[in-house]
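*Asks:* Fold the following, please.
(one chain, ligands or ions: 1)
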Amino acid sequence: MGSKQKSVHYKCGRDARAPSIQNSLLKWFSGNARDLPWRRNRTPYTAWISEIMLQQTQVATVIDYYNRFMKRFPTVELLAKARLDSVLKLWEGLGYYSRGRNLHKAAQTIVRDYDGQLPDTVEGLQKIPGIGRYTAGAIASIAFNKPASILDGNVIRVLCRVFRIKSNPKDTATRNQLWHLADSLVHTKYPGRFNEAMMELGATVCTPSNPLCPACPLQKYCGAFAHNEQNKLPVKQKQAKLPHYTIVAGIVYKDDKILIDKRRQNALLGGLWEFPGGKKLKNESFKAAVAREVKEETGIEIEVGKRLCIVRHAYSHFKITLHAYLCRYQSGIAQPIGCDAVKWILPHGLKKYAFPAANLKLMPCLKSAGVL
Ligand code: SF4
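*Replies:* Prediction:
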């Protein structure tokens, strides 16, 4: 290991080693870039869709979603014309559904106000719904070869290790330092390739735990490696314990149809369909909670029958235990009171609608109970 290597600390301004770091990384990327579908047909549209899908999501998960999405919506015009329900159905299971909603809204904005063309600058791109500084930098550099920097989780990890940044990257001051550093490193001639190489290194070599330092093209520049601090950087904030909620849901039957409702557009998981329900109150029985929630959400009275099943699910910011009950319609007209829409549908039609992950976990229970 580089015993002669100096301790490297972050300084504002251009690092004198930037050209060597760039060259080492680009050379490594030429021989190690993964063959990914969005790299085969690079256009502003494919760069945009893939970058949005890759936010907070692993490449391995994104590939199938990306392929299905591009098959259904190969152009921004087709995406703009689609129903939001169709977009969310393709997004089902990918999580962070505001990305899908924003993508749809953004496609309509691009077709209406930009003649179907994505803007080619970081500033212009940031005016499009759902495109923040990071995604704008990625699209501007990858699709338009603009010397814009990027800072996603992978890049942050590489920078914190190479430059031995010991403050929390979530703090604003550190985040600003990291942006300066990313700006100072980005390759002016091949910015897109350089940014992709940084992300690729973070995803495949400089991994969160046990990075593959012997295979790393930046080893000789890396402060963390020199001080054997690879597994200590970036410093992590202590994770707050996720809150837990007890949720109830009613599978409400009226003749041979089941009631579903659409979550409010601006709510968490907005635009997705679900079985009516919500949080159980303290000291309330499960059955009373189901009857109350269904009434509050859709206005109908029901008879709550036996429990179908219990499922658990962890979303990004909270966990739930969902208790689902089979119920029978009694009276009233179902209306969108605490939701955006209600529908009575035949059970086999459930697959046409996009449901949140916890509701999807109820489907095997419905199958076992002979409902599907
Ligand atoms: S040497 Fe190790 S810690 Fe440093 S950048 Fe490379 S993989 Fe990451």
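
*Asks:* interface residues of the stretch 51-200 of the chain facing the ligand?
*Replies:* With CB under 6 Å from any ligand atom as the criterion, the stretch 51-200 of the chain meets the ligand at residues 158, 161-162. For the C-beta atoms, the positions are set from N, CA and C on the backbone; glycine is no exception.

*Asks:* Which of these sits closest to Lys71?
*Replies:* When these are compared for distance to Lys71 (CB to CB), Val158 comes out closest, at 33.3 Å.

*Asks:* was I right about the closest one contacting Ala197?
*Replies:* No: under the criterion of CB atoms under 8 Å, Val158 makes no contact with Ala197, lying 9.9 Å away.

*Asks:* one step back: as JSON lines, the residues of the stretch 51-200 of the chain next to the ligand with secondary structure would be great.
*Replies:* Rendered in JSON lines, the data for these read as follows (DSSP: H, G, I helix; E, B strand; the rest coil):
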{"residue": "Val158", "secondary structure": "helix"}
{"residue": "Arg161", "secondary structure": "helix"}
{"residue": "Val162", "secondary structure": "helix"}
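
*Asks:* Now a ChimeraX select for only the buried ones of those residues.
*Replies:* Once 16 or more other CB atoms under 10 Å is used to decide burial, the buried members of those can be selected in ChimeraX as follows:
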select :158,161,162
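
*Asks:* residues in contact with the helix or strand where Lys306 lies?
*Replies:* In the assignment (DSSP states H and E), Lys306 maps to strand 301-314. Counting by CB atoms under 8 Å, 6 or more residues apart in numbering, the neighbours of strand 301-314 from elsewhere in the structure are 242, 250-252, 286-287, 290-291, 294-295, 319-332, 357-358, 361-362, 365-366, 369.

*Asks:* Same question for stretch 136-147.
*Replies:* Residues outside stretch 136-147 that contact it (CB under 8 Å, 6+ apart): 42-44, 47-48, 51, 118, 120-123, 125-126, 131, 148-152, 186-188, 190-192, 194-196.

*Asks:* Any of those residues buried? List them.
*Replies:* 44, 47-48, 51, 118, 122, 125, 131, 148-152, 186-187, 190-192, 194-196.

*Asks:* how much space between the spatially closest residue to Tyr97 that is not a sequence neighbour and Ala82?
*Replies:* In space, Tyr97 comes closest to Leu269 once its chain neighbours are excluded; the distance is 5.7 Å by CB to CB, 6 or more residues apart in numbering. Leu269 sits 19 Å away from Ala82, taking CB to CB, to the nearest Å as the criterion.

*Asks:* Isn't Asp183 up against Ile150?
*Replies:* No: taking contact to mean CB under 8 Å, the distance of 10.1 Å between Asp183 and Ile150 leaves them out of contact.
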